[in-house]
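Peer 1: Kindly generate the corresponding structure for this input.
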Amino acid sequence: MTDRTIKNMAEFSALSGISRPTVSKYFNDPDSVRKSTRAQIERALAKYEYRPNLFAVNLNKKRPKIIGVIVPDTADTFFSELVRRIEMQCVERGYLAIVLSSRGDAQLEGRSIETLLSLNIAGAIVAPLGVHSDMQLMRSLRARIPMVFLDSSLDDDTPFVGTDNFQSVPLITEYLCRSGEPPTYFDMPAVNHNGPERKLAYVTTMERLGLKPEVIAVTPQNDWRFEDIAFEETRRVLRGSGFPTRTILCANDRCAVGVMAAVYQHGLRIGREPGCDIRIAGHDDQPHSRYGCPPLTTVAQDFELLAQSSVAILLDRVEREDGDDRAPEQVRLEGKLVMRASA
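Peer 2: Numbering: from 1, shown residues only. Reported below is the predicted structural model:
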């Protein structure tokens with residue numbers, strides 16, 4: 001061990017007596033150098049306590065192994081779970097992931113895109129805000145690097161991976177109709193294209209079943225405070241004439257949390273057992289949904305396959321040597337009904 005501070009890889013190479021290309025090769029993949037050379041490098045690393053800035057090294061590469069990821073809110077358990085799995089997929093493929101959050105703000109999303117445009121990265125996975133996104137910036141990013149939309153799509157020209165709302169919403173709507181009183185649909189704020197798609201899927205399913213659709217509308221604003229908005233709207237409904245039916249299907253699990261809290265405070269019993277006053281269901285199966293009181297009936301999105309598919313599609317385009325003139329993949333995965341005690 002030495003007190004000398006090594007500033008960069010070139011200085012480490014000179015002091016250790018190992019060529020700069022070999023040192024770089026080692027840091028990219030230790031198994032790619034001979035065992036004796038690897039041992040020599042590791043002895044030098046221990047002696048000089050040197051660790052390179054691999055992030056900076058990647059940014060300077062002709063073919064960087066860094067992926068940019070933009071999501072609306074990393075505090076949202078849906079997106080935090082997706083990000084966790086995307087990062088794991090990237091690591092398995094030898095890539096680093098830069099994760100940026102727009103926090104539900106179109107200006108912050110634009111700044112996140114500009115940040116990625118300023119960096120030398122291989123590609124990007126973007127879960128866009130939706131109707132409020134800056135399409136010009138999105139097109140600029142797509143023109144520079146391969147890009148995949150995740151969860152919500154903005155066009156048909158960019159690869160997309162998400163859940164098929166026209167399969168998942170009918171699945172749970174039909175279950176609720178079979179198992180009890182038909183559901184009233186509790187909408188979500190107009191933050192992306194999932195909201196309108198899910199409402200339309202509910203309405204068309206109810207009409208196909210010969211039943212009257214009932215929709216509780218919420219703010220049309222770009223507002224990601226789903227729990228707060230659902231809680232206040234439910235309180236307003238319960239102070240008035242109440243819900244049209246005794247079954248509520250929420251546009252997502254976060255809205256369901258707000259609805260359940262307001263219903264509980266109103267003194268109603270939630271569940272599907274005899275003696276319960278109201279059934280509540282959601283969509284997404286976020287990590288906390290199974291721990292509600294009662295646990296939430298919902299439609300599970302396949303987090304693992306969403307992450308796996310988006311990374312695979314992106315890196316397939318990144319690593320193609322002959323360019324990519326194929327039609328953009330549009331992957332819509334099926335949801336899975338998860339029956340719990342709430343409905």
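
Peer 1: wait, what's in contact with residue 212?
Peer 2: The contact partners of residue 212, by Cβ atoms under 8 Å, 6 or more residues apart in numbering, come to 182, 206. From N, CA and C alone the C-beta is placed, and that goes for glycine too.

Peer 1: From residue 341, how far out is it?
Peer 2: From residue 212 across to residue 341, the span is 27 Å (Cβ to Cβ, to the nearest Å).

Peer 1: How about residue 311?
Peer 2: In terms of Cβ to Cβ, residue 311 sits 35 Å off from residue 341.

Peer 1: What values do phi and psi take at residue 97?
Peer 2: Main-chain torsions, residue 97, degrees, to the nearest 10: phi -120, psi 130.

Peer 1: burial of it, as a residue count?
Peer 2: The number of residues packed near residue 97 is 18, by other Cβ atoms under 10 Å.

Peer 1: what bridges to it?
Peer 2: For residue 97, the beta-bridge partners under DSSP bridges are residue 67.

Peer 1: Run through the helices of the stretch 101-250 of the chain in chain order.
Peer 2: 106-117, 135-144, 165-179, 194-208, 226-239 (DSSP state H, counting those that start in this stretch).

Peer 1: What segments of the stretch 201-343 of the chain are strands?
Peer 2: 215-216, 247-250, 279-281, 298-300, 330-333, 336-338 (DSSP state E, counting those that start in this stretch).

Peer 1: Save those as TSV, and put in mean pLDDT, distance to residue 180 and mean neighbour count too.
Peer 2: What follows is the strands of the stretch 201-343 of the chain, written out as TSV (pLDDT from 0 to 100; distance: least, Cβ to Cβ, whole Å; neighbours: other Cβ atoms under 10 Å):
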stretch	mean pLDDT	distance to residue 180	mean neighbour count
strand 215-216	97	18	17
strand 247-250	98	6	28
strand 279-281	98	6	26
strand 298-300	97	16	26
strand 330-333	95	28	15
strand 336-338	98	15	15
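
Peer 1: In TSV: those, plus distance to residue 229.
Peer 2: Below are the strands of the stretch 201-343 of the chain laid out as TSV (distance: least, Cβ to Cβ, whole Å):
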stretch	distance to residue 229
strand 215-216	11
strand 247-250	11
strand 279-281	16
strand 298-300	19
strand 330-333	27
strand 336-338	24
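
Peer 1: returning to that earlier point: of all the helices of the stretch 101-250 of the chain, which lies closest to residue 329?
Peer 2: Nearest of the helices of the stretch 101-250 of the chain to residue 329, taken as Cβ to Cβ: helix 135-144 at 14.0 Å.

Peer 1: what's the angle from that closest one to helix 106-117?
Peer 2: When axes from the mean of the first three to the mean of the last three Cα atoms, to 10 degrees is applied, the directions of helix 135-144 and helix 106-117 differ by 20 degrees.

Peer 1: Among the helices of the stretch 101-250 of the chain, which comes closest to residue 334?
Peer 2: Counting by Cβ to Cβ, residue 334 lies closest to helix 165-179 out of the helices of the stretch 101-250 of the chain; the figure is 5.2 Å.

Peer 1: In that closest one, which residues are buried?
Peer 2: Within helix 165-179, the residues that count as buried by 16 or more other Cβ atoms under 10 Å are 165, 168, 169, 170, 171, 172, 173, 175, 176, 177.

Peer 1: isn't the second one right up against residue 338?
Peer 2: Think residue 168. No. Residue 168 is beyond contact range of residue 338, at 11.1 Å (criterion: Cβ atoms under 8 Å).

Peer 1: any low-confidence regions in the stretch 151-300 of the chain?
Peer 2: For the stretch 151-300 of the chain, no stretch is flagged by pLDDT under 70.

Peer 1: so which of the helices of the stretch 101-250 of the chain gets nearest residue 251?
Peer 2: helix 194-208 (5.2 Å).

Peer 1: Please name every helix or strand in contact with that closest one.
Peer 2: If contacts are counted by 3 or more Cβ pairs under 8 Å, 6 or more residues apart in numbering; DSSP states H and E, helix 194-208 sits against helix 165-179, strand 184-186, strand 215-216.

Peer 1: can you list those in a markdown table and add distance to residue 315?
Peer 2: As requested, the helices and strands packed on helix 194-208 are exported to a markdown table (distance: least, Cβ to Cβ, whole Å):
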| stretch | distance to residue 315 |
| --- | --- |
| helix 165-179 | 26 |
| strand 184-186 | 38 |
| strand 215-216 | 41 |
